Each structure stands twice: as structure tokens, then as C-alpha cells.
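In: Pasting the sequence and the predicted coordinates here, then a few questions.
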Amino acid sequence: MKIAIINGPNLNLLGKRETGIYGNMPFEAYFNELQKKYPAVNLHYYQSNVEGELVNELQRLGYEYDGIILNPAAYTHTSVAIGDAIAAIQTPVVEVHISNVHAREDFRKLSHVSGKSVGSIFGLGLQGYELALQYLLSGAVLKVPV
Ligand code: DQA
């Protein structure tokens, strides 16, 4: 199984960014733990602060990977292009947010990604990524019609 995690802008600062909301752990440390816990899974990690690069990575992986776990960060709320990329590719995408976006500012309640994804996880901290991984590994994925 080839599963990718794609993180959007400012998530390279996890561990030192607004730790009261996002926690103390750098994502690379969490990703290393995941790789150790799931040695049979070919796990790929990509992070960019640039919208077009996230679209490029979705397109690059989206006909080859078995699943993509995507946290588009702030682009969730603004990017029609990322939503369109998810709709365009074949690989199922699970949307993940570390924080509970529905318990924060109103602008975070809009997602251009949720309606194109097979499902969304928010508010469960970094554990959301592992839960998304377990879902993709379970084989229960249905590609939603868009
Ligand atoms: C986030 C939530 C977004 O609203 C925010 O812009 C982020 C992180 C999360 O993981 O909780 O950068 O996607």
C-alpha cells in the first residue's frame, strides 16, 4: 500500500507554532513514529507552503497512490484549485485537521476540500492522521461522486 500525507502551509512549524492549538510535536517526529508503527506501508510525506505545489503533488500522486491524507491548512478555506485537484484525481483523499475547525473562527467552517474527499477528521490532534491511515488501510474506501 502506498499512502501519502500532504500538509499545507505553516504545518512545517508544528511543535513551535501556536502550541496551545497544535501541540508540541514537530510533524517529522510524528511521521517517524507512524512509519515505525506501520512498517508494511509505503508512507510518503510532503509539505509545502505554496498552493500550486500542493496541487502539483496531488496530481503527481493521484493516479499512483492508494490513498492520500491531506491537511491543506489555511488553503482549506480558500482554495478552489485544491478542491478541483481532489475531484480530478483517482486516489481517495481523507481530509484531516489537527484542531476543531468548527469550534474556531467562522472562516474556518468553510472547506473547499470536504465535499471532494471521502471523509474528514478534525479536532483529534495528530491522532487524526493515524485514524485516516487506518481507514485507508481498512479497504473500506468509497470514492465519492462529485
Ligand atoms: C488546520 C486548521 C486551519 O484552519 C489552519 O489554517 C491550519 C491548520 C488544522 O490542522 O487544524 O493551518 O488545518
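Out: Noted; the coordinates are in hand.
In: which residues in this structure form strands?
Out: Counting by DSSP state E, the segments of the chain that form strands are 2-7, 42-47, 67-71, 93-97, 119-122.
In: Export the ones you listed as a markdown table, with columns for mean neighbour count, mean pLDDT and distance to the ligand.
Out: (Glycine included, C-beta is placed from N, CA and C.) Shown next, in a markdown table, are the strands of the chain (neighbours: other C-beta atoms under 10 Å; pLDDT from 0 to 100; distance: least, C-beta to the nearest ligand atom, whole Å):
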| stretch | mean neighbour count | mean pLDDT | distance to the ligand |
| --- | --- | --- | --- |
| strand 2-7 | 22 | 98 | 8 |
| strand 42-47 | 17 | 98 | 12 |
| strand 67-71 | 25 | 98 | 5 |
| strand 93-97 | 26 | 98 | 4 |
| strand 119-122 | 18 | 98 | 7 |
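In: any idea how far the ligand is from Lys37?
Out: Computed as C-beta to the nearest ligand atom, to the nearest Å, the Lys37 to the ligand distance reads 21 Å.
In: What is the burial count for that residue?
Out: 11 (other C-beta atoms under 10 Å).
In: show me the contacts for it.
Out: Glu130 (C-beta atoms under 8 Å, 6 or more residues apart in numbering).
In: so what pLDDT did it get?
Out: Lys37 carries a pLDDT value of 98.
In: And Lys143, by the same measure?
Out: pLDDT, Lys143: 52.
In: So which bits of this structure are right by the ligand?
Out: By the rule C-beta under 6 Å from any ligand atom, the part of the chain lying against the ligand is 10, 71, 73-74, 76, 97-99, 101, 108.
In: Could you check how far Ala40 is from Tyr129?
Out: Using C-beta to C-beta, to the nearest Å, Ala40 is found at 17 Å from Tyr129.
In: Would you map the helices across this structure?
Out: Remark: helices assigned in the chain by DSSP state H are 19-22, 27-37, 51-61, 80-88, 127-138.
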